[in-house]
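Student: Would you be able to build a 3D model of this:
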Amino acid sequence: MAQDQAADPAAVARMAREHTAAWNSKSAEAVASFYAEDGEIIINRGEPWTGRMAVAEMAAGFHADVPDLALVCDDVRVSGSHAVYVWTFTGHDSGTGNPLTVKGWEEWELDADLKVKASRGWFDAADYARQVEGH
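Tutor: I've put the predicted structure just below:
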């Protein structure tokens, strides 16, 4: 998307709803389909997952760790070709069985087809670890 071209907020909101449904479908490939072919995601300044196959691996990892993961879109904000996707997921850790409630967000750079070119995701990893351990 050109810098001077703004994404339609209603279209981005619809895409965010569909993205949420993809996560809830438990299909890593469905999640990855929201990314450009060479799109990437970086979570909490970690290593990037670049390309749809890598994004699918990232999603599959979350589904393995939290098999009953249920994602809710809390808010979407749009400015130009950028969007902020605010989310909460709940579920149970696959190892400990402890309940989880994790809040976070992703900062998306979108292309003209409303595919994610780059996502920077954020959540409180220390709080996540405490919940996994049951604290």
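
Student: Could I get the full set of helices for the chain?
Tutor: 9-24, 28-32, 52-65, 125-133 (DSSP state H).

Student: Pull the residues that contact the second one.
Tutor: The list of residues contacting helix 28-32 from outside it, by CB atoms under 8 Å, 6 or more residues apart in numbering, reads His19, Ala22, Trp23, Arg52, Met53, Val55, Ala56, Glu57, Ala59, Ala60, His63. To be clear about C-beta, it is placed using only N, CA and C from the backbone, and glycine gets the same treatment.

Student: what does the third one give?
Tutor: The contact list for helix 52-65 (CB under 8 Å, 6+ apart) reads 23, 26, 28-29, 31-33, 35, 37, 39-41, 43, 48-49, 69, 93-95.

Student: Now do it and helix 9-24, the angle between them.
Tutor: Helix 52-65 runs at 60 degrees relative to helix 9-24, counting by axes from the mean of the first three to the mean of the last three CA atoms, to 10 degrees.

Student: Now do helix 52-65 and helix 125-133, the angle between them.
Tutor: Using the same axes, to 10 degrees: helix 52-65 against helix 125-133 is 40 degrees.

Student: Any idea what Leu100 is bridged to?
Tutor: Under DSSP bridges, the beta-bridge partners of Leu100 are Gly91.

Student: Give me the phi and psi for Asp113.
Tutor: Reported as degrees, to the nearest 10, the phi and psi values for Asp113 are phi -90, psi 10.

Student: who's in contact with it?
Tutor: The contact partners of Asp113, by CB under 8 Å, 6+ apart, come to Ala36.

Student: So which of the helices of the chain is the most surrounded?
Tutor: Most buried of the helices of the chain by mean neighbour count (mean count of other CB atoms under 10 Å) is helix 28-32; its value is a mean of 20.
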